[in-house]
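A.B. asks: following is a predicted model, sequence given first.
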Amino acid sequence: QVQLVESGGGLVQPGGSLKLSCAASGSIFRVNVMAWYRQAPGKERELVAGITSDGDTNYVDSVKGRFTISREKAKNTVYLQMNSLKPEDTAVYYCNANVVNVNLYNVNYWGKGTPVTVSS
(Lines give C-alpha, C1' and ligand atoms only; values in the text may rest on other atoms or scores of the structure.)
Protein backbone atom coordinates (compact mmCIF):
# COMPACT_ATOMS: atom_id res chain seq x y z
CA GLN A 1 0.00 0.00 0.00
CA VAL A 2 1.05 3.60 -0.66
CA GLN A 3 0.14 6.66 1.39
CA LEU A 4 0.30 10.34 0.48
CA VAL A 5 0.43 12.75 3.39
CA GLU A 6 -0.04 16.47 2.75
CA SER A 7 0.84 19.35 5.03
CA GLY A 8 1.18 23.11 4.95
CA GLY A 9 -2.35 24.35 4.41
CA GLY A 10 -3.97 27.05 6.48
CA LEU A 11 -5.37 30.57 6.59
CA VAL A 12 -3.48 33.36 4.87
CA GLN A 13 -4.26 36.93 3.90
CA PRO A 14 -4.52 37.97 0.26
CA GLY A 15 -1.05 38.55 -1.15
CA GLY A 16 0.49 36.09 1.30
CA SER A 17 2.33 32.83 0.74
CA LEU A 18 2.04 29.20 1.74
CA LYS A 19 4.08 26.12 0.94
CA LEU A 20 2.38 22.75 0.67
CA SER A 21 4.24 19.46 1.02
CA CYS A 22 3.24 15.92 0.12
CA ALA A 23 5.27 12.85 0.98
CA ALA A 24 4.62 9.46 -0.59
CA SER A 25 5.51 6.37 1.41
CA GLY A 26 4.89 2.65 1.43
CA SER A 27 5.37 -0.07 -1.16
CA ILE A 28 6.92 2.15 -3.82
CA PHE A 29 9.11 1.00 -6.68
CA ARG A 30 9.04 4.29 -8.56
CA VAL A 31 7.06 7.53 -8.48
CA ASN A 32 6.24 8.97 -11.88
CA VAL A 33 4.19 12.16 -12.17
CA MET A 34 3.29 14.02 -9.00
CA ALA A 35 0.69 16.76 -9.02
CA TRP A 36 -1.47 19.11 -7.00
CA TYR A 37 -5.20 19.44 -7.59
CA ARG A 38 -7.68 21.68 -5.82
CA GLN A 39 -11.40 21.71 -5.27
CA ALA A 40 -13.26 24.82 -4.23
CA PRO A 41 -16.74 24.65 -2.70
CA GLY A 42 -19.31 23.94 -5.37
CA LYS A 43 -16.70 23.43 -8.07
CA GLU A 44 -15.07 20.48 -9.74
CA ARG A 45 -11.60 19.36 -8.84
CA GLU A 46 -8.99 20.92 -11.11
CA LEU A 47 -5.34 20.29 -11.84
CA VAL A 48 -3.19 23.08 -10.42
CA ALA A 49 0.32 21.89 -11.28
CA GLY A 50 2.17 18.72 -12.19
CA ILE A 51 5.79 17.61 -12.34
CA THR A 52 7.32 14.61 -14.06
CA SER A 53 10.16 12.48 -12.75
CA ASP A 54 12.42 14.43 -15.12
CA GLY A 55 11.34 17.73 -13.61
CA ASP A 56 9.09 18.95 -16.41
CA THR A 57 6.28 21.06 -15.04
CA ASN A 58 2.89 22.35 -16.11
CA TYR A 59 0.46 24.78 -14.49
CA VAL A 60 -3.12 25.89 -14.87
CA ASP A 61 -3.18 29.38 -16.36
CA SER A 62 -4.65 30.98 -13.25
CA VAL A 63 -1.57 30.19 -11.13
CA LYS A 64 1.24 30.72 -13.65
CA GLY A 65 3.83 33.12 -12.28
CA ARG A 66 2.53 32.74 -8.72
CA PHE A 67 2.84 29.03 -7.89
CA THR A 68 5.90 26.80 -8.22
CA ILE A 69 5.86 23.01 -8.07
CA SER A 70 9.03 21.10 -7.18
CA ARG A 71 10.01 17.68 -5.94
CA GLU A 72 12.69 15.79 -4.08
CA LYS A 73 12.91 12.44 -5.86
CA ALA A 74 14.97 10.79 -3.13
CA LYS A 75 12.25 11.60 -0.59
CA ASN A 76 9.28 10.96 -2.91
CA THR A 77 8.09 14.41 -1.90
CA VAL A 78 6.43 17.15 -3.91
CA TYR A 79 6.01 20.78 -2.92
CA LEU A 80 3.80 23.63 -4.03
CA GLN A 81 5.06 27.11 -3.25
CA MET A 82 2.12 29.50 -3.49
CA ASN A 83 2.82 33.23 -3.62
CA SER A 84 0.59 36.26 -4.18
CA LEU A 85 -2.38 34.26 -3.01
CA LYS A 86 -5.86 35.41 -3.97
CA PRO A 87 -9.25 34.67 -2.41
CA GLU A 88 -10.09 32.59 -5.49
CA ASP A 89 -7.24 30.23 -4.55
CA THR A 90 -9.30 29.12 -1.56
CA ALA A 91 -9.87 25.38 -1.86
CA VAL A 92 -8.91 21.99 -0.53
CA TYR A 93 -5.62 21.04 -2.16
CA TYR A 94 -5.01 17.38 -2.97
CA CYS A 95 -1.76 15.65 -3.76
CA ASN A 96 -1.77 13.06 -6.53
CA ALA A 97 0.96 10.61 -7.47
CA ASN A 98 1.29 8.06 -10.23
CA VAL A 99 3.20 5.22 -8.61
CA VAL A 100 4.69 1.96 -9.76
CA ASN A 101 4.39 -0.23 -6.67
CA VAL A 102 6.67 -3.07 -5.63
CA ASN A 103 4.46 -5.49 -7.56
CA LEU A 104 5.15 -3.35 -10.66
CA TYR A 105 1.55 -2.21 -10.95
CA ASN A 106 0.98 1.39 -12.03
CA VAL A 107 -1.53 2.97 -9.66
CA ASN A 108 -2.81 6.50 -9.09
CA TYR A 109 -2.96 7.61 -5.45
CA TRP A 110 -4.57 10.60 -3.73
CA GLY A 111 -3.89 12.33 -0.46
CA LYS A 112 -6.70 13.29 1.90
CA GLY A 113 -6.34 16.98 1.14
CA THR A 114 -5.22 20.07 3.00
CA PRO A 115 -7.41 23.19 3.17
CA VAL A 116 -6.15 26.58 2.03
CA THR A 117 -8.16 29.67 2.89
CA VAL A 118 -7.22 33.09 1.54
CA SER A 119 -9.11 35.78 3.39
CA SER A 120 -8.58 39.05 5.18
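C.D. replies: That came through fine. In this text, all values refer to a predicted model and were calculated from it rather than measured experimentally. Residues are numbered from 1 along each chain as shown.

A.B. asks: pLDDT weak spots in this protein?
C.D. replies: Applying pLDDT under 70 to the chain picks out no residues at all.

A.B. asks: pull the contacting residues for the residue of it most remote from its centre.
C.D. replies: In the chain, Asn103 marks the outermost C-alpha relative to the chain mean, sitting 25.1 Å out by CA atoms, centre = their mean. If you count contacts by CB atoms under 8 Å, 6 or more residues apart in numbering, Asn103 has them with Ser27. All C-beta spots, glycine's among them, are computed from the backbone N, C-alpha and C.

A.B. asks: what separation is there between it and Gln1?
C.D. replies: As judged by CB to CB, to the nearest Å, Asn103 and Gln1 stand 11 Å apart.

A.B. asks: any residues in contact with both of these two?
C.D. replies: Joint contacts of Asn103 and Gln1 (CB under 8 Å, 6+ apart) are Ser27.

A.B. asks: state the distance from the residue most central in space within the chain to Ala97.
C.D. replies: Residue closest to the mean C-alpha point of the chain, counted by CA atoms, centre = their mean, is Trp36 at 2.7 Å. In this view, Trp36 and Ala97 are 10 Å apart by CB to CB.
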